[in-house]
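1. Need coordinates for the below:
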Amino acid sequence: MFIASLLSHLEQLNNSKSPTSEIITRTQYRTKIDSVTPLSARNNFEQFDSSFLGVSLENSNFQPAKLKAMVEWISRRFSHCLVLVGDSIHRINIEITRSLAPETALIEALEIGRTFLREQEHIFNGFGEKTQFTFKTCNEIQTWEDYAHFFQCLQMFFESNAKFRASVEGFSRNYQMRQSSNISDALLEYRIRRSCDYFLEEFAIFACLQRRGFSVMVYPGTFSTLAEIVNGDYPELFEEIKQLIVVSLHFKKR
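-> The predicted structure is shown next:
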């Protein structure tokens, strides 16, 4: 009787399985603060009602499990978060890694941004009762009048200030050295120049958001040049970029 009952039970379990009912183990993460810049804001940045989350497209730090961990972390601290989708600036990454024409790279980058919003919107909706999440794309912000002003100022400062130029180029070089291998020196230098353009565009976008009340930037990573700016290393720059608070995050497996 026992064996017959056991066989019957196993048969029922087997029959209840569908081809897609296999158990998939998914890694879950917790988000931790890595650093806050400037350091003076470490204990008071949560006093701000609003923040913005910078989203780097095709970046492993924004896979769903890690994105959910960040969104959950934000929902415990801010009543409003603007999600900044880095679509148009991502065209530069596509240009230099896939050897596409600028126009083609932009079209692809915008589509990647739309896909990200379509596929990941449910994660933000899951925490909508705690935090209001709104969405802006870099492509939209780059049409604003003050963006053009901030970007021009950054370009001029890049050309005129050797320390700032060396910092941006050094940050770009480190980034490209991590991303690139077995390429010629000439190609590496080209990629570094385009990365400099990327970061200057990005900083101008951040300044636009700071002007509109989004002073706390949340990001899973660090920006050495941006840290220098908000720490006061370049007093000649405009206030909107100097007054940012940058909260750098990292992940731990649960």
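2. Any stretches of the stretch 1-150 of the chain with poor pLDDT?
-> Along the stretch 1-150 of the chain, segments meeting pLDDT under 70 span 1-25.
3. Tell me which stretches of it form helices.
-> 2-16, 64-75, 87-98, 102-125, 138-141, 145-160 (DSSP state H, counting those that start in this stretch).
4. What of the stretch 151-254 of the chain?
-> For the stretch 151-254 of the chain, applying DSSP H, counting those that start in this stretch gives helices covering 162-179, 185-211, 224-230, 239-242.
5. Out of those, which gets nearest to F133?
-> F133 sits nearest to helix 185-211 of all these, at 14.4 Å, using C-beta to C-beta. (Glycine included, C-beta is placed from N, CA and C.)
6. Please render the helices of the stretch 1-150 of the chain as CSV that adds mean neighbour count to the earlier fields.
-> Listed next are the helices of the stretch 1-150 of the chain as CSV, based on neighbours: other C-beta atoms under 10 Å:
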stretch, mean neighbour count
helix 2-16, 9
helix 64-75, 19
helix 87-98, 21
helix 102-125, 15
helix 138-141, 20
helix 145-160, 15
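7. Just put those in JSON lines and tack on distance to T27.
-> Shown next, in JSON lines, are those (distance: least, C-beta to C-beta, whole Å):
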{"stretch": "helix 2-16", "distance to T27": "27"}
{"stretch": "helix 64-75", "distance to T27": "6"}
{"stretch": "helix 87-98", "distance to T27": "25"}
{"stretch": "helix 102-125", "distance to T27": "15"}
{"stretch": "helix 138-141", "distance to T27": "29"}
{"stretch": "helix 145-160", "distance to T27": "38"}
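8. Relative to Y29, which of those is closest?
-> helix 64-75 (4.1 Å).
9. can you pull the alpha-carbon coordinates of the closest one into CSV?
-> Output of helix 64-75 as CSV, limited to C-alpha atoms (Å, rounded to 0.1, in the frame of the first residue of the first chain):
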residue,chain,number,x,y,z
PRO,A,64,16.3,43.4,-13.4
ALA,A,65,17.4,42.0,-10.1
LYS,A,66,19.9,44.8,-9.4
LEU,A,67,17.5,47.5,-10.8
LYS,A,68,14.8,46.2,-8.4
ALA,A,69,17.3,46.4,-5.5
MET,A,70,18.1,50.1,-6.3
VAL,A,71,14.4,51.0,-6.8
GLU,A,72,13.6,49.4,-3.4
TRP,A,73,16.5,51.4,-1.8
ILE,A,74,15.2,54.6,-3.4
SER,A,75,11.6,54.0,-2.3
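10. which outside residues touch that helix?
-> Residues outside helix 64-75 that contact it (C-beta atoms under 8 Å, 6 or more residues apart in numbering): 26-31, 51, 53, 60, 81, 120, 123-124, 126-127, 130-131, 133, 218, 220, 249, 251.
11. Quick check: ChimeraX command selecting the buried ones in those residues.
-> The ChimeraX selection below is limited to those of those classed as buried (16 or more other C-beta atoms under 10 Å):
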select :29,31,51,53,81,120,123,124,127,131,133,218,220,249,251
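12. List the beta-bridge partners for R30.
-> Per DSSP bridges, the residues bridged to R30 are K252.
13. out of the helices of the stretch 1-150 of the chain, which comes closest to T37?
-> Using C-beta to C-beta as the measure, helix 64-75 is the one of the helices of the stretch 1-150 of the chain that comes nearest T37, at 17.4 Å.
14. Would you mind getting the angle between the closest one and helix 102-125?
-> 60 degrees (axes from the mean of the first three to the mean of the last three C-alpha atoms, to 10 degrees).
15. Make 156 the starting number, not 1.
-> Done: numbering now begins at 156, and the last item shifts to helix 219-230.
16. Now distance to L194 and mean neighbour count too, for the helices of the stretch 306-409 of the chain, in a markdown table please.
-> Compiled in a markdown table, those are given as follows (distance: least, C-beta to C-beta, whole Å; neighbours: other C-beta atoms under 10 Å):
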| stretch | distance to L194 | mean neighbour count |
| --- | --- | --- |
| helix 317-334 | 19 | 16 |
| helix 340-366 | 19 | 19 |
| helix 379-385 | 10 | 20 |
| helix 394-397 | 15 | 17 |
